[in-house]
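Asks: Generate a structure from the sequence data that follows.
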Amino acid sequence: MRGYSQRPSLFLPPHEIARNQPIRELLDKRLVFVTGKGGVGKTTVSVALGLRAAAAGKRTIVCEVASQENASRFFDHTEVGFHEVEMEENLWSISIDPDESMREYVLLQLKVRAMRDMLFRSRIFNYLAAATPGLKELVTIGKIWELAQLDRKVKSGRKYDLVIVDAPATGHGIGFLQTPRTFAAIARVGPIHSQAKQLDRLITDHEHTGTAIVALPEEMPVNETAALERDLRAEVGVSVDRIYMNGLYPERFSKDEAARLAELAGRENGAVRAAARAAVSEHGRARSQRAQLARLRRRVETPVKTLPFLFEPELGVEAAQTLSRRLS
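Replies: Numbers count the residues shown, from 1 in each chain. Down below sits the predicted model:
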């Protein structure tokens, strides 16, 4: 948004990118949105991507929206809030509060302190800000845009090589990314129109902005992931660079070994029978997951990468680092 920068945007609209210019790899971009159906591990993958980028020497920040505080739990950190907090070497985190984003935007727009104070005290302003559909999403994207700038206007703002956004889940995620375009269409002219257009160019700039979708190896998540990939490309116009199939069970047994285990489960008793039945069950689940993985790959255009199921009671930074080494 205009108040965040007075220089030309770092991001170019897709039609201004030379046709023969290669599109960057996911972590070579400056902004990555991570989305997917709720409960598939978006935050885990966002943190893992951040750790992978930080290990490569990139100054990276992981952003959560709507004041969520999931990423901080990986690092046993107190709530991050609307602050850029360093979690690991080269890795920061922020939880974007829409109200704080609005306040920051107004502070940057109005240089006269008395005017700012008067506006914040205005009941009409606060009512309109709360009642305007999509405004919170717009100022949230505005803050994301500000974090990605090389010439930041926020006092003491760091310069980041990569901004990773733990975006809203599937349904709300589409609307979230479409917010700037919606505002630009409604405003039509004036500063809100031009600022919203700038944010839309940010989201749809395939050279500098990418998207990763996280899925699970189950029928419904596979269906939703295929639909989400289509909608992100056709309706929003973003670059979908990776799909991560998360939580994949290992294939521990061959077909013959599974058959022998099934025999043991049928004729033995006690601990042997229980262990054999557990092994057969896990083998069946692993096979079912591979079938869903194959089905997903047939239904999407985006490269699909797999991430293992981690047999941990709770996922922390070590688990995220394990996954980070599997990311590409």
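
Asks: separation between the residue lying closest to residue 228 once chain neighbours are set aside and residue 108?
Replies: Using Cβ to Cβ, 6 or more residues apart in numbering and skipping residues adjacent in sequence, the residue nearest residue 228 is residue 170, 5.4 Å away. Any C-beta I mention is one placed from the backbone N, CA and C, and that applies to glycine too. Going from residue 170 to residue 108 by Cβ to Cβ, to the nearest Å gives 33 Å.

Asks: OK, contacts around the residue lying closest to residue 225 once chain neighbours are set aside?
Replies: Spatially, and ignoring its direct neighbours in sequence, residue 225 is nearest to residue 215 (4.1 Å; Cβ to Cβ, 6+ apart). Residues near residue 215 by Cβ atoms under 8 Å, 6 or more residues apart in numbering: 36, 37, 40, 221, 222, 224, 225, 243, 244, 245, 246, 296.

Asks: Inside strands: which ones of these?
Replies: Judged by DSSP state E, strands contain the following of the contacts of residue 215: 36, 243, 244, 245, 246.

Asks: ok, so what distance separates the first one from residue 174?
Replies: Remark: distance between residue 36 and residue 174 (Cβ to Cβ) = 12 Å.

Asks: Over to the fourth one?
Replies: In this structure, residue 245 lies at 21 Å from residue 174, with Cβ to Cβ as the measure.

Asks: Please say which of the two ends up with more neighbours.
Replies: residue 245 (23 against 17; other Cβ atoms under 10 Å).

Asks: was I right about that one contacting residue 293?
Replies: Yes: contact criterion Cβ atoms under 8 Å: residue 245 and residue 293 qualify, at 5.5 Å.

Asks: Quick check: neighbours shared by these two?
Replies: Joint contacts of residue 245 and residue 293 (Cβ under 8 Å, 6+ apart) are 217, 304, 306.

Asks: In CSV, list those along with secondary structure.
Replies: Formatted as CSV, the shared contacts of residue 245 and residue 293 follow (DSSP: H, G, I helix; E, B strand; the rest coil):
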residue, secondary structure
217, coil
304, strand
306, strand
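
Asks: From these, list just the buried residues.
Replies: By neighbour count, with 16 or more other Cβ atoms under 10 Å, the shared contacts of residue 245 and residue 293 hold 217, 304 as buried.

Asks: picking that back up, what's the closest of the ones in strands among the contacts of residue 215 to residue 187?
Replies: residue 36 (30.8 Å; Cβ to Cβ).

Asks: shouldn't that closest one be in contact with residue 222?
Replies: No: Residue 36 is beyond contact range of residue 222, at 11.2 Å (criterion: Cβ under 8 Å).

Asks: for this structure, which residue is closest to the average position?
Replies: In the chain, the C-alpha nearest the mean C-alpha coordinate belongs to residue 34, at 2.1 Å (Cα atoms, centre = their mean).

Asks: Which of the three states applies to that one?
Replies: strand.

Asks: contacting residues for it?
Replies: 42, 45, 46, 49, 164, 165, 166, 167, 211, 212, 213, 214.

Asks: what's near enough to touch the closest residue to residue 173 other than its chain neighbours?
Replies: Once flanking residues are discounted, residue 173 sits nearest to residue 35: 4.2 Å by Cβ to Cβ, 6+ apart. Shown in contact with residue 35 (Cβ under 8 Å, 6+ apart): 42, 167, 168, 169, 170, 173, 211, 212, 213, 214, 228, 232.

Asks: switch the cut-off to 10 Å
Replies: Residue 35 makes contacts with 42, 46, 165-170, 172-174, 176-177, 211-214, 225, 228, 232, 238, 240, as judged by Cβ atoms under 10 Å, 6 or more residues apart in numbering.

Asks: For it, name its beta-bridge partners.
Replies: Beta-bridge pairing of residue 35 under DSSP bridges involves residue 213.

Asks: Now do the strands in the stretch 201-328 of the chain.
Replies: 209-215, 240-248, 304-308 (DSSP state E, counting those that start in this stretch).

Asks: part of a strand, is residue 92?
Replies: Yes: according to three-state DSSP, the state of residue 92 is that of a strand.

Asks: what's the burial count for the residue nearest to it when sequence neighbours are not counted?
Replies: Counting by Cβ to Cβ, 6+ apart, residue 61 is the residue found nearest to residue 92 once chain neighbours are left out, at 4.2 Å. Residues near residue 61, counting by other Cβ under 10 Å, number 26.

Asks: Phi and psi next, for residue 61.
Replies: Main-chain torsions, residue 61, degrees, to the nearest 10: phi -130, psi 130.

Asks: Could I get the contacting residues of it?
Replies: 50, 53-54, 84-87, 90-94, 144, 147-148, 158, 160-165.

Asks: just to revisit the earlier point, residue 311: which of the contacts of residue 34 is nearest?
Replies: residue 45 (17.8 Å).

Asks: Remind me which helix or strand that closest one belongs to.
Replies: Here residue 45, judged by DSSP states H and E, is contained in helix 42-55.

Asks: same thing with residue 165?
Replies: strand 162-166.

Asks: Cool, thanks, talk later.
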